[in-house]
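Chemist: My questions are about this predicted structure, shown below with the sequence.
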Amino acid sequence: MFPLWKWGNLLFAFLAELVALGIFAWWGWEVDGTTAVRLLLAIGLPALTAVMWGLFAAPTATRGTPVVRAVVKVLVFGLAGAALWSLGHPVLAVAFVVLVAANLLIIHVQKLTPER
């Protein structure tokens, strides 16, 4: 695989993770409730997601199995898509989930394909 292609896909994956955190913050702020609840959700959801990602889904994660890693990724990106949909952006939600799924598939295939 060309180094630029490989690094580009890894960069896209990292940016998708950051976008998911941003979507959770946005969703948390838009929830009906007091300012304190909205602030707690806008900060707490991304923080909790980042901790779970770091423990189970990050490339350097030391906990969990490959199945747990996959489940955490599906949950994070799927819930981010659902949150974006609930914010009134169904086209962006579908586009986000499709692009992330394609990116994760490419990265998975790259790991299975021997370097040439």
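Modeler: Ah, there it is.
Chemist: Not counting residues beside it along the chain, what's closest to residue 83?
Modeler: Excluding the flanking residues, the one nearest residue 83 by CB to CB, 6 or more residues apart in numbering is residue 27, at 3.9 Å. For every residue, glycine as well, the C-beta is placed using N, CA and C.
Chemist: my read: the one you found touches residue 85, true?
Modeler: No: here residue 27 does not reach residue 85: they are 10.1 Å apart, not a contact under CB atoms under 8 Å.
Chemist: Same drill for the two, tell me which one is more crowded.
Modeler: Of the pair residue 27 and residue 85, residue 27 is the one with more neighbours under other CB atoms under 10 Å, namely 20 against 16.
Chemist: If we go by neighbour counts, what in the stretch of helix or strand the more buried one belongs to is buried?
Modeler: Assignment of secondary structure by DSSP states H and E places residue 27 within helix 3-30. Within helix 3-30, the residues scored as buried using 16 or more other CB atoms under 10 Å are 9, 12-13, 16-17, 19-21, 23-28.
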